[in-house]
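> Based on what follows, work out the 3D shape:
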Amino acid sequence: MTELDSTQAIPQPALRGGADERTCEVLLIRHGRSADVVPGSPESADPPLHEIGHEQAAALAARLAALEIHGVYSSHLRRAVETATPLAEQRGLEVGVRPDLEEIRLGEWSNGEFRRRAAALDPEWVAWSLTGRWDGIPGCEGDDALRVRVAAVIVELAQRHRGRRIAVVAHGGEIDAYVSSMFDVPRSLWMAVENTSITVVSLNDVDGAHVTIVNDCHHLDDPVTGAAAR
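As a prediction, this is how the structure comes out:
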C-alpha cells in the first residue's frame, strides 16, 4: 500500500485511457460475417469468412492500425482466425489460437441446425429464444459452463499481459455471455453482438473487471443512423 501525505491532492482515478502496469485492456472482437452454409454439410461445422466478412475484417484492421496491441488471440474456428490474422500480421505477431474460445457448443443444434431453425422461425427455436438463455437446447453445454469457460481464458490472458493491451477474437454468444456475467444478468442473449464489433474490458487484480465500451462497430457504420463508415 502506498503511503500518502494527508495534505496531498489526489487526482480522480481514470476510468479509461489504456492499461497501467497492473491492468490489461482486452478488446473482445466478434469475428466477421461467416460464409453461408448448407445445414449438415461438411463445411457447416467450421465455415470460413464470407466475402463480406473479409471486408469487415479489413475495415477493423484499418481502424486499429495505429493502436498498440501486444497480443492477438482467437478461437480455432476459421472465421475467428481469419478475422484475427490481419490484426496480427500488421504487428508481426502470430495469432494465439485458443480452442476454449470457440462458440457455444450447441449439441443437437450444431452444424448449421441452429441457423436452419432460426431462418425458418421453427416453433422450438422461437420458444427457446424467448428464454434468453442457452440452457434449453438439447445437448448444449449451457450458460454456466459457457461463462466459466470463456472467463477462464480471458482472465488467464489478462494476467499474462498485465500492463498491456490485447485483442481476443471470439464469437457473439461468448461475448454476450461474458458481459452478462460481469453485469450479473441472468440472460446470456440480451445484446446483438455485431460482426467485428469491439467490446473493451479492463482487468486487474485490485478491483476486478470493468466494461468501458460495448459492441462498437464504427469502422462499419454509424450504429444509430446506419450511415456507412467513410
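
> Could you pull out the buried residues of stretch 30-46?
By neighbour count on 16 or more other CB atoms under 10 Å, the buried set for stretch 30-46 is 30-34, 37, 44, 46. C-beta here means a position set from N, CA and C on the backbone, and glycine is covered the same way.

> Show residues contacting that stretch.
The contact list for stretch 30-46, computed with CB atoms under 8 Å, 6 or more residues apart in numbering, reads 47-50, 52-57, 60, 74, 77-80, 82-83, 110-113, 115-116, 169-172, 175, 193-197.

> Now go through the residues you listed and say which are in strands.
Those of those mapping onto strands are 74, 169-170, per DSSP state E.

> between these, which is closest to residue 26?
residue 170 (10.4 Å; CB to CB).

> Name the nearest residue to the closest one, sequence neighbours excluded.
residue 101 (4.8 Å; CB to CB, 6 or more residues apart in numbering).

> and the longest helix for the protein?
Determined from DSSP state H, the single longest helix within the chain is helix 143-160.

> Residue 176 and residue 69: what is the separation?
For residue 176, the distance to residue 69 (CB to CB, to the nearest Å) stands at 23 Å.

> Ok, residue 146 next?
From residue 146 across to residue 69, the span is 26 Å (CB to CB).

> between these two, which one's more packed in?
Neighbour totals were compared for residue 146 and residue 69, and residue 146 leads with 25 against 19 (other CB atoms under 10 Å).
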